[in-house]
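In: Got a sequence here, can you model it:
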Amino acid sequence: MKVLMVDDEPLARVRMRKLLLECNENLEIDEADGADKAFAKINENKPFAVFLDIQMPGKSGFELIEDLAKIPKENVPNVIFVTAFDEYAIKAFEKNAIDYLLKPVEKERLMQTLEKLAALEKQDNGSEILYEKLKHLMENRNEKYLQRLQVKIGDRTLLINAADIVRFESDEKYTAVFANDNRYIIDTPLVDLENKLDPEAFIRVHRANLVAVSRIAEIRRQFPGKLSVVLNDVSKTVIPVGRNYVDRVREL
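Out: Next up, the predicted model:
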């Protein structure tokens, strides 16, 4: 069975390769460090399965999925998401019969995934079934999460695209929204926003700060064992990472 690992972290690929071979020494394993390279290898080598990281520089795993929905059905591989996010954030994918693995990947859980792949390999219409599920997954994902935010200013209501938002900051009873070099105030609690936004696009780094993953330009390590993130906004905002969120930030 041909499989492709897609992860921008070399050590993560080394560990996954080791685990895969421990589970099945007959696997033919290839790897890619980004979505574009993965897409080229999928078209060229036609792997049966892809172990796909979600958060990567440049194109995300989700953007690669969107590209896969455009290629011939017979070339579409089985996709297994590999993510550091908690299980609640990926329940939406589970019902689509596309498997997922939580980092750090455990050997026993990986064995279960390979057993599913072995069963799929015996199905003549496996690629067509997966193709339809990929389309369904992306359609549902776009509908599930908040795409635009309403901000009321006097008698006006601004509609701000989620993609334009840099960060949210809890401000006593209100929440400050930073977008397009402007600051707005809304009365939606930070925890409610976190539940409505795509967890792959926004990450909680502090109890008072929710930031867009794509706007994190740098992670700084500070003594003793503390982190801060630097954003790529005009102010180069530096936000300390709360103790409860350190592990999640380290997985970016």
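In: and residue 221, bridged to which residues?
Out: residue 227 (DSSP bridges).
In: now it: how far from residue 107?
Out: 30 Å (C-beta to C-beta, to the nearest Å). For the C-beta atoms, the positions are set from N, CA and C on the backbone; glycine is no exception.
In: residue ranges with poor pLDDT in the stretch 51-200 of the chain?
Out: For the stretch 51-200 of the chain, applying pLDDT under 70 flags the ranges 85-98, 124-144.
In: where exactly do the helices run in it?
Out: Along the stretch 51-200 of the chain, the segments classed as helices by DSSP state H, counting those that start in this stretch run 61-68, 91-94, 107-121, 126-144, 190-196.
In: Which elements pack onto whichever strand or helix holds residue 230?
Out: In the assignment (DSSP states H and E), residue 230 maps to strand 226-231. Using 3 or more C-beta pairs under 8 Å, 6 or more residues apart in numbering; DSSP states H and E, the elements in contact with strand 226-231 are strand 216-222, strand 238-240, helix 246-250.
In: how about the ones you listed, which one is nearest residue 172?
Out: strand 238-240 (17.8 Å; C-beta to C-beta).
In: for the closest one, which positions count as buried?
Out: Buried residues in strand 238-240, defined by neighbour count with 16 or more other C-beta atoms under 10 Å: 239, 240.
In: what does that strand rub up against?
Out: 167, 205, 206, 209, 211, 220, 226, 227, 228, 229, 230, 231 (C-beta atoms under 8 Å, 6 or more residues apart in numbering).
In: Just the buried ones out of those, please.
Out: 167, 205, 206, 209, 211, 227, 228, 229, 231.
In: Could you identify the most distant pair in these?
Out: Among the buried ones among the contacts of strand 238-240, the pair separated by the greatest distance (C-beta to C-beta) is 167 and 227, at 15.9 Å.
In: one step back: residue 63: which of the buried ones among the contacts of strand 238-240 is nearest?
Out: residue 211 (19.7 Å).
In: just checking, the closest one touches residue 166?
Out: Yes. With contact defined as C-beta atoms under 8 Å, residue 211 and residue 166 form a contacting pair (7.1 Å).
In: Give the intersection of the neighbour lists for these two.
Out: Shared contacts of residue 211 and residue 166 (C-beta under 8 Å, 6+ apart): residue 231.
In: how about the nearest residue to the most centrally placed residue in the chain, chain neighbours excluded?
Out: For the chain, the residue sitting closest to the mean C-alpha position, by C-alpha atoms, centre = their mean, is residue 54 at 3.4 Å. Leaving aside its chain neighbours, residue 54 sits nearest to residue 61 (4.0 Å; criterion: C-beta to C-beta, 6 or more residues apart in numbering).
In: My guess is that neighbour contacts residue 52. True?
Out: Yes. Using C-beta under 8 Å, residue 61 is in contact with residue 52, at 4.6 Å.
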